[in-house]
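Undergrad: this one's structure only:
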Ligand SMILES: O=C(O)C1=C[C@@H](OP(=O)(O)O)[C@@H](O)[C@H](O)C1
Ligand SMILES: C=C(OP(=O)(O)O)C(=O)O
């Protein structure tokens, strides 16, 4: 069995199971029932950390995620001379007021798209010279529109390997104000990355958005977090332009929500085992995390969803319903989750409008089609998604493609089918290091195995 070789350097000290070649999953003995908590949102954590670091004063951010993506964010801020103290799930951050204490540093961002897209702007506002490097896949992921806009506003990038990609050295001398055009179709993170830096420019910045924004709610999440740190940009009525006033973030005390993207795997677990999972700490009506949309789809598939004041409960059914098409444009991170549930539905499911996920941790459309095919499931690959047909998956050894969401989604097959093996279980630490422990506590049969796997450096 040949699988993609993981990029070990991207695994942080908060990672685990990197010594395990494979995880073997077997269905639980009974319906899975439980009341659980999941760790803080990656997206909220990295936004809050960077804005607190830019702010004036000392912030405390409670409920942070402790995973690879947040570790590399904290590590980079620390190398920039910002004092960050972590106590349990609280981060205390001494803001630098927009003047990074260390004007010269080598920064490593792991595999974190959020850090790669949020840090360049935050650095470009100040004076200094920093080199930025990331994992091999992250160095292939697009950055050009963001770096182009920052260049137009005064930053200078010296590319080490490929034009407008990581790794590079940033020569920063502050950002000018002005108007820039940013495309919305490849990644919402470009817009978020410019937005969060923009208040520190010399004059106001107007961002014109070209076309529809994928995963638009993450831009709103950035705007909301900016408002909680005291800066309120103005949006044009059609949403295609955002005016960011100049100003400085003010230190805050914030409590972050759990990671709804992680919650989805556990709600899907209830759905697939006719069990009940309640997750505490989430209010489905007020969260800004787009993956909450999964609840509507679970209802469409026949599950019962109870949206509480501070929790969400999903009750599964014996037979899930299929026979529909969903646009994944708004909540694309869950494309893999729905694809993994789809073989157990009673009709085909088509997932569309997600071409941009080909630029995520792996080409997620190609990767999920490849792995579902190994299970004997019929799939049709489309440029912007896939169609999955009902079927009975067979035992197989699956490749996680060094992608946390591939591993977590594929593990859902194992809650219905005996002897599902997935390579490199440690990759889940990008956003949920204790994923398999939580599955095991809920009754899913989790075992680790060594051997039988060869890695190629694709
Ligand atoms: O801003 C964010 O926190 C995120 C934006 C989305 O990325 P893209 O807009 O690049 O698809 C999402 O996939 C990612 O997990 C988190
Ligand atoms: C796409 C993802 O991550 P990022 O872009 O933040 O690396 C994800 O977590 O699914």
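TA: Thanks, I have the structure now. This one's a predicted model, so the numbers in the text were calculated from it and none came from an experiment. Ligands and ions are numbered 1, 2, ... in the order given.

Undergrad: where along the stretch 301-450 of the chain do the helices fall?
TA: For the stretch 301-450 of the chain, applying DSSP state H, counting those that start in this stretch gives helices covering 335-341, 364-374, 404-411, 435-441.

Undergrad: show me what the first one is packed up against.
TA: Counting contacts by 3 or more CB pairs under 8 Å, 6 or more residues apart in numbering; DSSP states H and E, the secondary-structure elements packed against helix 335-341 are helix 260-273, helix 294-300, strand 349-352, helix 364-374, strand 385-388, helix 404-411. Heads up, the C-betas are built off the backbone N, CA and C, glycines and all.

Undergrad: how far off centre is it?
TA: 16 Å (CA atoms, centre = their mean, to the nearest Å).

Undergrad: hmm, it touching ligand 2?
TA: No - Helix 335-341 stays out of contact with ligand 2 when judged by CB under 6 Å from any ligand atom, the minimum separation being 8.6 Å.

Undergrad: pLDDT of that helix, averaged?
TA: For helix 335-341, the mean per-residue pLDDT is 99.

Undergrad: so who does residue 384 touch?
TA: Residues in contact with residue 384 (CB atoms under 8 Å, 6 or more residues apart in numbering) are 352-355, 365.

Undergrad: stretch 348-358 near ligand 1 at all?
TA: Yes - using CB under 6 Å from any ligand atom, a contact is recorded between stretch 348-358 and ligand 1, made by residue 356.

Undergrad: quick one: which of the contacts of residue 384 is nearest to residue 399?
TA: residue 365 (14.8 Å; CB to CB).

Undergrad: please name the residues that touch that closest one.
TA: Neighbouring residues of residue 365 by CB under 8 Å, 6+ apart: 335, 354-355, 357-358, 381-382, 384-386.

Undergrad: quick one: it from residue 302, how far?
TA: Using CB to CB, to the nearest Å, one gets 26 Å for the distance from residue 365 to residue 302.

Undergrad: coming back round to it: and the two most separated of the contacts of residue 384?
TA: By the measure CB to CB, 353 and 365 form the most distant pair in the contacts of residue 384, at 11.5 Å.

Undergrad: residue 282: what's it in contact with?
TA: For residue 282, the residues meeting the contact criterion (CB under 8 Å, 6+ apart) are 257-258, 260, 263, 292, 310-312.

Undergrad: now the phi/psi pair for it, please.
TA: Per-residue torsions, residue 282: phi -120, psi 130 (degrees, to the nearest 10).

Undergrad: residue 25 too?
TA: Backbone torsions for residue 25, taken as degrees, to the nearest 10, come to phi -120, psi 130.

Undergrad: so what's the closest residue to it other than its chain neighbours scoring on pLDDT?
TA: The shortest distance from residue 25 to any residue other than its chain neighbours is 2.7 Å, reached at residue 414 (CB to CB, 6 or more residues apart in numbering). Reported pLDDT at residue 414 in the predicted model: 98.

Undergrad: ditto for residue 40
TA: What the model reports for residue 40 is a pLDDT of 98.

Undergrad: tell me the bridge partners for it.
TA: Legend: beta-bridge partners of residue 40 under DSSP bridges are residue 258.

Undergrad: helices of the stretch 1-150 of the chain, start to end?
TA: According to DSSP H, counting those that start in this stretch, the stretch 1-150 of the chain carries its helices in the segments 42-54, 68-79, 113-124, 144-152.

Undergrad: of those helices, which is nearest residue 344?
TA: Shortest distance between residue 344 and these, using CB to CB, is found for helix 42-54: 27.7 Å.

Undergrad: spell out whether that closest one and ligand 1 are in contact.
TA: Yes - contact of helix 42-54 with ligand 1 (CB under 6 Å from any ligand atom) involves residue 43.

Undergrad: so how far is that helix from its chain's centroid?
TA: Centroid separation between helix 42-54 and its chain, computed with CA atoms, centre = their mean, is 14 Å.

Undergrad: next: stretch 40-48.
TA: With CA atoms, centre = their mean as the basis, the mean position of stretch 40-48 lies at 9 Å from the chain mean.

Undergrad: then stretch 39-59?
TA: Distance of stretch 39-59 from the chain centroid (CA atoms, centre = their mean) equals 15 Å.

Undergrad: equivalent analysis for stretch 111-126, please.
TA: Taking the mean of its C-alpha atoms, stretch 111-126 sits 15 Å from the chain's own mean (CA atoms, centre = their mean).

Undergrad: avg pLDDT for it?
TA: Along stretch 111-126, the predicted local confidence has a mean pLDDT of 98.

Undergrad: go on, stretch 57-77?
TA: What stretch 57-77 shows for mean pLDDT is 98.

Undergrad: ditto for stretch 442-451
TA: If you average the pLDDT over stretch 442-451, you get 94.

Undergrad: buried set for stretch 162-177?
TA: By neighbour count, and taking 16 or more other CB atoms under 10 Å as the criterion, the buried residues in stretch 162-177 are 165-168, 170, 172, 175, 177.
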